[in-house]
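A.B. asks: have a look at this fold, sequence not included:
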């Protein structure tokens, strides 16, 4: 399957022009995006969607509500021109041993939802000074889904992009060390993050403080080693006095 990029572009243009008639924005697919690695001056946006897949080997089809979509955006405010690069992550067939990552297909409703959320994010970041005026449209299940997300065959999970697979494939929420390399394993912005949430720093500080207190214990101002030295010195002086006599 392949994304109908022409439909995506047309729908995106219609939505952005409804909100900003004089703005000029372009949208294109980019399979080299890395999470948390936007170019200088670019912003990042990530969302998930409901999509359909078909294996090119066995023709098996399946649906997923964990299709990850990564966007990098850039806007020139002095010319009111902007551009969006989009990467959609694929999934592999569970039944085929050597299956490749297949690209999803989206229904018209899912496509509209994806692009509406993207446009709302653009308006929030570039035209409203970060003020959110509407909530993001949620993922809608087009068919009932059984079982958990297949992290082993999700491209986004293997790259640390999918929130469902972060615990299995990422150890810490740092940026990808391959952020600026052109080596690609398969497919944006990896690299992005959505990563495991860190502990509350205040809670961590309390835990550290508590363990430190238990380790050292309360102090009464006395040092056993000093007392021991004083006793030895006293004994030495006494012995010396008796020897001199």
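C.D. replies: Alright, I've got the coordinates. Since we're looking at a predicted model, the values are computed, not measured.
A.B. asks: can you name the element that comes right after the helix or strand residue 109 falls within?
C.D. replies: Here residue 109 sits within helix 108-122, counting by DSSP states H and E. Sequence order places helix 155-158 as the next helix or strand after helix 108-122, per DSSP H and E.
A.B. asks: now that next one: average pLDDT?
C.D. replies: Averaging pLDDT along helix 155-158 gives 96.
A.B. asks: that helix packs against which elements?
C.D. replies: If contacts are counted by 3 or more CB pairs under 8 Å, 6 or more residues apart in numbering; DSSP states H and E, helix 155-158 sits against helix 166-169. Heads up, the C-betas are built off the backbone N, CA and C, glycines and all.
A.B. asks: which residues does residue 75 bridge with?
C.D. replies: residue 82 (DSSP bridges).
A.B. asks: gap between it and residue 134?
C.D. replies: Plainly put, residue 75 is 19 Å away from residue 134 if you go by CB to CB, to the nearest Å.
A.B. asks: between those two, tell me which one has more neighbours.
C.D. replies: Of the pair residue 75 and residue 134, residue 75 is the one with more neighbours under other CB atoms under 10 Å, namely 20 against 10.
A.B. asks: these two touch, right, that one and residue 81?
C.D. replies: Yes: counting by CB atoms under 8 Å, residue 75 sits close enough to residue 81 to count as a contact (7.3 Å).
A.B. asks: what are the phi and psi values for residue 68?
C.D. replies: Main-chain dihedrals, residue 68, degrees, to the nearest 10: phi -90, psi 140.
A.B. asks: meant to ask about residue 20, not that
C.D. replies: Main-chain torsions, residue 20, degrees, to the nearest 10: phi -130, psi 80.
A.B. asks: per-residue confidence at it?
C.D. replies: pLDDT, residue 20: 92.
A.B. asks: contacts only, for it.
C.D. replies: By CB atoms under 8 Å, 6 or more residues apart in numbering, the residues touching residue 20 are 80, 123, 127.
A.B. asks: perfect, that will be all.
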